[in-house]
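Asks: turn this into a model:
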Amino acid sequence: MQPVPSPADVREMVVAQFQQFGVEAEQAQTPAETILIRDGKYRGRSYRSGGLLAMWLSEIGVVQFYSADGE
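Replies: Numbers count the residues shown, from 1 in each chain. This is a model prediction of the structure:
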């Protein structure tokens with residue numbers, strides 16, 4: 001069984017990656033965070049900062065990053 005990271009662990013990783021992608025440190029530290037729910041079930045979280053989006057899909061254990069234009 002794969003260990004499931006905590007939301008705090010994922011957020012920390014997302015913040016670090018946003019900084020690597022060029023988001024200013026102060027702005028990257030305070031991403032807008034949204035809990036993702038579909039069909040009444042928790043599915044993950046999304047994070048937005050500096051024109052970037054990260055989406056954590058908890059069921060499959062993937063964090064995806066997107067630029068402002070969706071790439």
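Asks: bridged to the most centrally placed residue in the chain, which residues?
Replies: Residue closest to the average C-alpha location in the chain (Cα atoms, centre = their mean): residue 54, at 3.7 Å. Note on residue 54: beta-bridge partners residue 47, residue 65, judged by DSSP bridges.
Asks: let's see the pLDDT reported for it.
Replies: Each residue has a pLDDT score; the one for residue 54 is 97.
Asks: tell me the spacing between it and residue 40.
Replies: Residue 54 sits 24 Å away from residue 40 when distances are taken as Cβ to Cβ, to the nearest Å. No exception for glycine: its C-beta is placed from N, CA and C like everyone else's.
Asks: what's the answer for residue 66, then?
Replies: According to Cβ to Cβ, residue 66 and residue 40 sit 26 Å apart.
Asks: tell me which of those two has more neighbours.
Replies: It is residue 66, of residue 66 and residue 40, that has more neighbours when counted by other Cβ atoms under 10 Å, with 14 against 5.
Asks: so what's the more buried one closest to, chain neighbours aside?
Replies: Computed as Cβ to Cβ, 6 or more residues apart in numbering, the closest residue to residue 66 that is not its neighbour in sequence is residue 53, at 4.4 Å.
Asks: the one you found contacts residue 69, doesn't it?
Replies: No. In this structure, residue 53 is not within contact of residue 69 by Cβ atoms under 8 Å, at 10.6 Å.
Asks: the two: which has the busier surroundings?
Replies: Neighbours of residue 53 and residue 69, each counted by other Cβ under 10 Å, are more numerous for residue 53; the result is 19 against 6.
Asks: ok, that one - contacts?
Replies: Residues in contact with residue 53, defined by Cβ atoms under 8 Å, 6 or more residues apart in numbering, are 46, 47, 65, 66.
Asks: one more pass at 10 Å, please.
Replies: 14, 18, 31-32, 34, 46-47, 64-68, 70 (Cβ atoms under 10 Å, 6 or more residues apart in numbering).
Asks: for this structure, which spans come out with low pLDDT?
Replies: Counting by pLDDT under 70, the chain has low-confidence residues at 1-2.
Asks: let's see that with 80 instead.
Replies: Across the chain, the ranges flagged by pLDDT under 80 are 1-4, 68-70.
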